[in-house]
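# predicted model follows, preceded by the sequence.
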Amino acid sequence: MAKPKEGEKAPDFTAKDQNGKTVSLSDFKGKNVILYFYPKDDTPGCTAEACSFRDNYQSLLGKGFAVIGVSTDDEKSHKKFETKYSLPFPLIADADKKIVEEYGVWVEKNMYGKKYMGTARTTFLIDGNGVISKVIDKVDTQNSSQQVIDLLQ
């Protein structure tokens with residue numbers, strides 16, 4: 001599927017988080033949401049990105065944002081990742097790849113000449129009406145939360 005663009009309605013989803021709790025995007029109606037897609041739990045870039053959101057979580061909440069991470073890892077992997085790094089936000093398990101496909105971030109990648117399918121690291125900022133206000137394709141894993149904050153200035 002094509003990646004939704006700024007100004008378009010964000011595709012709703014319902015899936016389990018790291019605690020087995022069912023989470024839907026529609027649960028956040030009226031709130032701004034940082035929905036970030038990342039390739040794999042507990043890898044260097046993904047850890048840096050998650051920790052950046054963790055370290056600035058209170059500031060983001062203060063600006064009226066909820067943070068949701070999504071990867072194709074399962075709930076058990078997410079739970080280990082959350083526990084190891086004290087992540088205060090939901091990590092959605094998308095093992096069946098429905099959400100990454102709806103958001104157009106399940107793409108062909110190329111590493112060392114080997115082609116494979118994987119998640120394109122992408123962040124969507126979604127307003128309280130469920131409309132995508134910004135799409136960040138070039139995510140700075142070390143400063144992902146600052147990237148978001150800079151867009152909000």
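Yes, it's here. Residues are numbered from 1 along each chain as shown.

# buried residues, stretch 47-66. List them.
T47, E49, A50, C51, S52, F53, R54, N56, Y57, L60, F65, A66 (16 or more other CB atoms under 10 Å). For every residue, glycine as well, the C-beta is placed using N, CA and C.

# what residues are up against the first one?
Going back to what we said before, that points to T47. Contact analysis of T47 by CB atoms under 8 Å, 6 or more residues apart in numbering lists F81, Y85.

# isn't G104 right up against M1?
Yes. Counting by CB atoms under 8 Å, M1 is a contact partner of G104 at 5.1 Å.

# settle it for me: which of the two has more neighbours?
G104 (17 against 11; other CB atoms under 10 Å).

# between the two ends of stretch 34-41, how far is it?
18 Å (CA to CA, to the nearest Å).

# now stretch 64-77
28 Å.

# nearest residue to the middle of this structure?
Y36 (1.8 Å; CA atoms, centre = their mean).

# wait, a strand at it?
Yes. Counting by DSSP: H, G, I helix; E, B strand; the rest coil, Y36 is part of a strand.

# give me the nearest residue to it, chain neighbours excluded.
Distances taken as CB to CB, 6 or more residues apart in numbering place T123 nearest to Y36, at 4.3 Å, with adjacent residues excluded.

# for the helix or strand that contains the one you found, the averaged confidence score.
Using DSSP states H and E, T123 falls within strand 122-126. Over the span of strand 122-126, the pLDDT mean works out to 96.

# quick one: distance of that strand to the chain centre.
Offset of strand 122-126 from its chain centre (CA atoms, centre = their mean, to the nearest Å): 7 Å.

# who does that strand touch, helix- and strand-wise?
With contacts taken as 3 or more CB pairs under 8 Å, 6 or more residues apart in numbering; DSSP states H and E, strand 122-126 sits against strand 32-37, strand 132-136, helix 144-152.
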